[in-house]
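Student: pasting the sequence and the predicted model now:
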Amino acid sequence: MKNYVGGLRAIQAKQMTREEYNDLRGWQVPQDENPSDDGYLIVNPNVSERNVDGFDGYVSWLPTKAFNEQYRVENLSFGQAVELLKLGKRVARKNWNAANQFVYFVPENKYPASRNPNSPIQGYFENDEVPYRAYLALKTAQDDVATWVPSISDVLAEDWLIV
């Protein structure tokens, strides 16, 4: 057998017993399974196959223990936080002092040089469209936005969470 690494998936989930899940799917709970087992209904929008009408993603179920081993919304590593940023999520450190402070990803794009009427960059790029590289932005405690570069403490921290 080969070894594989699972990708980071942003999913939706809610608590549901095994019996509730089987009822949703129109199935009978097998005799060797406990219908009152706690678990989670999972909807994975990143899978192209849709297997249950009314859900925008692939639907499955996991017992609580297995779910908790695979999924979390906090105590993430910085690498996991970066992957979530690329998926369009907002992240923050658990112990940041400021309320409503978070990091988000700004993809590369072009912006008109005319946004700044005194811009020394006007006339330099074709059609005055300035190409910007992708970057991370911080919504600050002062309710403005700044570009953001993580400290080594941020990179090594495992207290990141999805906002």
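Tutor: Okay, I see it.
Student: per-residue pLDDT, the residue nearest to Arg25 when sequence neighbours are not counted?
Tutor: Of all residues not flanking Arg25 in the chain, Val52 sits nearest, at 6.9 Å (C-beta to C-beta, 6 or more residues apart in numbering). C-beta here means a position set from N, CA and C on the backbone, and glycine is covered the same way. Note for Val52: predicted pLDDT of 95.
Student: residues touching Val52, list them.
Tutor: Neighbouring residues of Val52 by C-beta atoms under 8 Å, 6 or more residues apart in numbering: 24-25, 59.
Student: now those residues in TSV, with distance to Lys2 and pLDDT?
Tutor: Shown next, in TSV, are those (distance: C-beta to C-beta, whole Å; pLDDT from 0 to 100):
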residue	distance to Lys2	pLDDT
Leu24	34	96
Arg25	31	96
Val59	27	96
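Student: could I get those residues as JSON lines with neighbour count, distance to Ile121 and secondary structure?
Tutor: Listed next are these as JSON lines, based on neighbours: other C-beta atoms under 10 Å; distance: C-beta to C-beta, whole Å; DSSP: H, G, I helix; E, B strand; the rest coil:
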{"residue": "Leu24", "neighbour count": "15", "distance to Ile121": "56", "secondary structure": "helix"}
{"residue": "Arg25", "neighbour count": "13", "distance to Ile121": "57", "secondary structure": "helix"}
{"residue": "Val59", "neighbour count": "21", "distance to Ile121": "49", "secondary structure": "strand"}
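Student: can you list the low-confidence ranges for the protein?
Tutor: 5-8, 114-117 (pLDDT under 70).
Student: would you map the strands across it?
Tutor: 12-17, 38-44, 58-63, 91-93, 102-106, 109-112, 129-132, 135-139, 145-147, 160-162 (DSSP state E).
Student: hey, which of those is tucked in deepest?
Tutor: Greatest average neighbour count among the strands of the chain goes to strand 91-93 (a mean of 21), per mean count of other C-beta atoms under 10 Å.
Student: elements contacting that strand?
Tutor: When contacts are defined as 3 or more C-beta pairs under 8 Å, 6 or more residues apart in numbering; DSSP states H and E, strand 91-93 sits against helix 78-86, strand 102-106, strand 160-162.
Student: save those as CSV, and put in distance to Asp143 too.
Tutor: Shown next, in CSV, are these (distance: least, C-beta to C-beta, whole Å):
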stretch, distance to Asp143
helix 78-86, 20
strand 102-106, 12
strand 160-162, 20
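Student: understood, closing this out.
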